[in-house]
Each structure stands twice: as C-alpha cells, then as structure tokens.
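Asker: Need coordinates for the following:
(2 chains)
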Number of protein chains: 2
Amino acid sequence: MTTGIEGILETALYVDDLNVAESFYAGVLGLELILKQPDRHVFFRCGPGVLLLFHADHSSIPAEPGMLPVPTHGADGPAHMCFRMAAENMDAMVARLSAAGVPLEADFHWPNGARSIYFRDPAGNSLECAEARLWQINED
Amino acid sequence: MTTGIEGILETALYVDDLNVAESFYAGVLGLELILKQPDRHVFFRCGPGVLLLFHADHSSIPAEPGMLPVPTHGADGPAHMCFRMAAENMDAMVARLSAAGVPLEADFHWPNGARSIYFRDPAGNSLECAEARLWQINED
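Answerer: Sure thing, here's the model as predicted:
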C-alpha cells in the first residue's frame, strides 16, 4: 500500500486469567508461546504475525519512568478474531475442541462457499477459524 | 502448525463512530475498504489479512432467525493492534499523521533495534506500526 502498511503484525485480545488463557491457546489451539510476563501478558507466534493476550488491569497501567514508553491500552468484553485455516483441517479442529470440552458456537459456509467455525476462549472472546478464500485471499 | 492454524486472518477493533473511523483508516492510513454495513461495521483489506471495525452496540446483537448464525461480540475501551511496516516508510507515516493532526504518542526502538511508532485512532484504540524484525519475522 502507498502508506507503507504491509499487513497486520500484532493482534491483541484481553483475558481475565492469563494462566487459563495460556493453557487454552497453547494446549488446545497449539500456538507457540514466545513471551510471557506473569500477570501482564502472554504472546504467541501465529504464522507471520503475533497474537498478544493481555490482562487489561495491567496493560492499562502507564510505563514507569526509565522504561520504554509503551502506551496504555485495555478493553473489556468479548472481542473477536479469526485464524486462517485450510478447509481440510477444520474437522480435526472441531474434534480437538470437542475433546477439550470447548463448545462449537457456529459452523457454517458463507455465501461464497468458505467455511467458518466459531468458539470462545475461556475469557469469552469470539474466535473463528475460516478459509482464506472468505476474503478472496489465496490459500497458498 | 500441527493444529492447522496458519496465521491470523481477521483482526477486530471496536469504534464509537464508524464514519469517523472510515475516514481515518481509509483516508489517513490508506487502507482499502472492502465491505461496509452502515451503523454495524466497516472492513478493510490489510495485506494478507482483514481489519474489521465494529460498532459494539450492533455486533453484540444476536443474528436474526434466517440469517447466518454469526456469534455476537463487542468490547469497550482502548484495544491495541500493530501494523507491519518497513523502517524506510516510518518517517513518511509520521509526517502523514502529523499532517492529519494525529499526535504521535510514542516513537522508539526496542532492545533488538526494531522501531515502533504509536498513535491513536479516533476511538482511542492504540495503533502501532512496527518493523517485522521486532518478532524475528522476515522483512520480505
């Protein structure tokens, strides 16, 4: 793009219990943990990007003098994000979620044929796995 | 990854005024609008992913019978996301933000040398542009 934005590098969600969240995102979803600061955040690699999970009570505290001046943020309530997943892997994810006792909230095909499955993380955030062709993005 | 998650396809933020948000994300940040439902959402292409902006008052309303059963969601308060940007484009973005009257909230280099700039969208969300090497991700 002309302004130099190449894509999304970090996506953030807010959770009420970072340990429970870590168990879910690493153990059930299989994401690779890359950074952790107890009580404040836990970060996961996710393909060419990073998924940041924060405890909003802590990410909303201003950085102390002498620290890097990372701005505050922190949201409440169920947010949304969607993982990119090929169609042939969706049934296995549905089975994996079921085995972990995670209810499937929705499972349908969009008008263009792309399948989406929806479920919640332990904090209530709405997570989706969808085929990239939902947005006319190449599958490769 | 073994669970089939390939990356992040959709990142969502919540805003209080979709028209103001559209002007900012399209006009200032230069993102390509791909879908819009007045009062509910506006979606932008962002490299290999999609940025979803929702009005939480509307995305938290359950889908009506006969519609696709898209689950509800909707958060309050300032969230965070980060755009991927090469180092050589950062000064131009800083100038672009300044010309649009958007204050730069932070501008620093992380311990590994990667530069990040931070600013707010009109709804107060904390936006960042950072070099991909912040997370040991290739620049190409």
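Asker: What sits closest to A:Leu104 if chain neighbours are left out?
Answerer: The shortest distance from A:Leu104 to any non-neighbouring residue, by Cβ to Cβ, 6 or more residues apart in numbering or on different chains, is to A:Phe119 (5.6 Å). All C-beta atoms are positioned from the backbone trio N, CA, C, and that covers glycine.
Asker: no, scratch that, I was asking about A:Asp107
Answerer: In space, and not counting its chain neighbours, A:Asp107 is closest to A:Ile117: 4.8 Å by Cβ to Cβ, 6+ apart.
Asker: hang on, that neighbour in a strand?
Answerer: Yes. Counting by DSSP: H, G, I helix; E, B strand; the rest coil, A:Ile117 falls inside a strand.
Asker: Verify the stated contact: it with A:Pro103.
Answerer: No. Using Cβ atoms under 8 Å, A:Ile117 is not in contact with A:Pro103, being 11.2 Å away.
Asker: quick revisit: in contact with the residue nearest to A:Asp107, which residues?
Answerer: Shown in contact with A:Ile117 (Cβ atoms under 8 Å, 6 or more residues apart in numbering or on different chains): A:Met90, A:Met93, A:Val94, A:Leu104, A:Ala106, A:Asp107, A:Glu128, A:Cys129, A:Ala130.
Asker: which residues does it bridge with?
Answerer: Taking DSSP bridges as the rule, A:Ile117 bridges to A:Asp107, A:Cys129.
Asker: For chain B, see how far away it is.
Answerer: Separation of A:Ile117 from chain B (Cβ to the nearest Cβ, to the nearest Å) stands at 11 Å.
Asker: go on, A:Gly74?
Answerer: Going from A:Gly74 to chain B by Cβ to the nearest Cβ gives 6 Å.
Asker: Likewise for A:Lys36?
Answerer: Separation of A:Lys36 from chain B (Cβ to the nearest Cβ): 14 Å.
Asker: which parts of the lengthiest helix in chain A are buried?
Answerer: Counting by DSSP state H, the longest helix found in chain A is helix A:90-99. For helix A:90-99, burial by neighbour count (16 or more other Cβ atoms under 10 Å in any protein chain shown) applies to A:Met90, A:Met93, A:Val94, A:Arg96, A:Leu97.
Asker: Switch the residues you listed over to TSV; also include distance to chain B.
Answerer: Listed next are the buried residues of helix A:90-99 as TSV, based on distance: Cβ to the nearest Cβ, whole Å:
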residue	distance to chain B
A:Met90	7
A:Met93	6
A:Val94	11
A:Arg96	6
A:Leu97	10
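Asker: I'd like those residues as TSV, with distance to A:Ile137 appended.
Answerer: What follows is these, written out as TSV (distance: Cβ to Cβ, whole Å):
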residue	distance to A:Ile137
A:Met90	16
A:Met93	19
A:Val94	22
A:Arg96	24
A:Leu97	24
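Asker: excluding its backbone neighbours, what's nearest A:Glu6?
Answerer: Counting by Cβ to Cβ, 6+ apart, B:Arg84 is the residue found nearest to A:Glu6 once chain neighbours are left out, at 4.5 Å.
Asker: about what we covered before: tally of neighbours for the residue nearest to A:Leu104?
Answerer: The number of residues packed around A:Phe119, counting by other Cβ atoms under 10 Å in any protein chain shown, is 23.
Asker: And the helices in chain A?
Answerer: Counting by DSSP H, the helices of chain A are A:18-22, A:56-59, A:90-99.
Asker: Which of these has the lowest mean pLDDT?
Answerer: When those are ranked by mean pLDDT, helix A:56-59 comes last with a mean of 94.
Asker: what's near enough to touch A:Ala63?
Answerer: A:Ala63 neighbours (Cβ under 8 Å, 6+ apart): A:Pro69, A:Val70.
Asker: same question, A:Lys36
Answerer: A:Glu22, A:Val42, A:Phe43.
Asker: show me the contacts for A:Ser59.
Answerer: With contact set as Cβ under 8 Å, 6+ apart, A:Ser59 has these partners: A:Tyr14, A:Arg40, A:His41, A:Thr72, A:His73, A:Gly74, B:His80.
Asker: residues contacting the fourth one?
Answerer: Just to be clear, that refers to A:Thr72. A:Ser59, A:Ser60, A:Ile61, A:Pro62, B:Pro78, B:Ser126.
Asker: Show me which of those are buried.
Answerer: Among these, those classed as buried by 16+ other Cβ under 10 Å are A:Ser59, B:Pro78, B:Ser126.
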